[in-house]
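Novice: give me a model of this one.
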Amino acid sequence: MEHSDITLNCSDCNSEFVFTAGEQAFYAEKGFTNQPRRCKNCRDSRKAGSSRGGAGMSGGGGYGAGGGQRSDRQMFPAICDECGQETMVPFQPSGNKPVYCSDCFSARRQQSAYPRY
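Specialist: Now for the predicted structure:
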């Protein structure tokens, strides 16, 4: 298919940018069906702002997406239901399910009948 340059407006900064014929061919080759919504500067800024050792658009760490801890994750205080130790967990405990500290959680996972891959 023949592609030609298209002028688009960035959804972040509203500036015009060119979606080149070469970029369109690349998108088609990769199976992407949507045109880019952001100019290169805004895409680069977005990537730099969300690079926490993770991958891609979600800003999170996808499976196998790299190491590192998320320093901006909100943590909540809790008491471990196994050992009674005070701990911090990355979710708001609801009170209707047990909450475990990291050590007890790991021990329970190792005792699980199902291997994790």
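Novice: can you give me the helices for this protein?
Specialist: Counting by DSSP state H, the segments of the chain that form helices are 21-30, 40-49, 102-111.
Novice: mind splitting this protein into its structural domains?
Specialist: Under the assignment named as automatic domain parsing, the residue ranges that make up the domains of the chain are 1-66, 76-111.
Novice: least reliable of those going by mean pLDDT?
Specialist: Out of the domains of the chain, domain 1-66 stands lowest, with a mean of 79 (criterion: mean pLDDT).
Novice: would you pull up how far that domain lies from the middle of the chain?
Specialist: Using Cα atoms, centre = their mean, to the nearest Å, the distance from the centre of domain 1-66 to the centre of the chain it belongs to is 16 Å.
Novice: what of stretch 90-106?
Specialist: Taking Cα atoms, centre = their mean, the mean C-alpha location of stretch 90-106 is offset from the chain mean by 22 Å.
Novice: return the alpha-carbon coordinates of it using CSV.
Specialist: Backbone C-alpha positions of stretch 90-106 (Å, rounded to 0.1, in the frame of the first residue of the first chain) are rendered in CSV as follows:
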residue,chain,number,x,y,z
PRO,A,90,0.6,-2.0,48.3
PHE,A,91,-3.2,-2.2,48.6
GLN,A,92,-5.8,-1.0,51.1
PRO,A,93,-6.7,-4.0,53.3
SER,A,94,-10.4,-4.5,53.2
GLY,A,95,-10.6,-6.6,56.4
ASN,A,96,-12.4,-9.6,54.8
LYS,A,97,-9.2,-11.3,53.5
PRO,A,98,-6.0,-12.2,55.3
VAL,A,99,-3.0,-9.9,54.9
TYR,A,100,0.6,-11.2,55.1
CYS,A,101,4.0,-9.6,55.5
SER,A,102,6.5,-10.2,52.8
ASP,A,103,8.2,-13.2,54.6
CYS,A,104,4.9,-15.0,55.4
PHE,A,105,3.5,-14.3,51.9
SER,A,106,6.7,-15.8,50.4
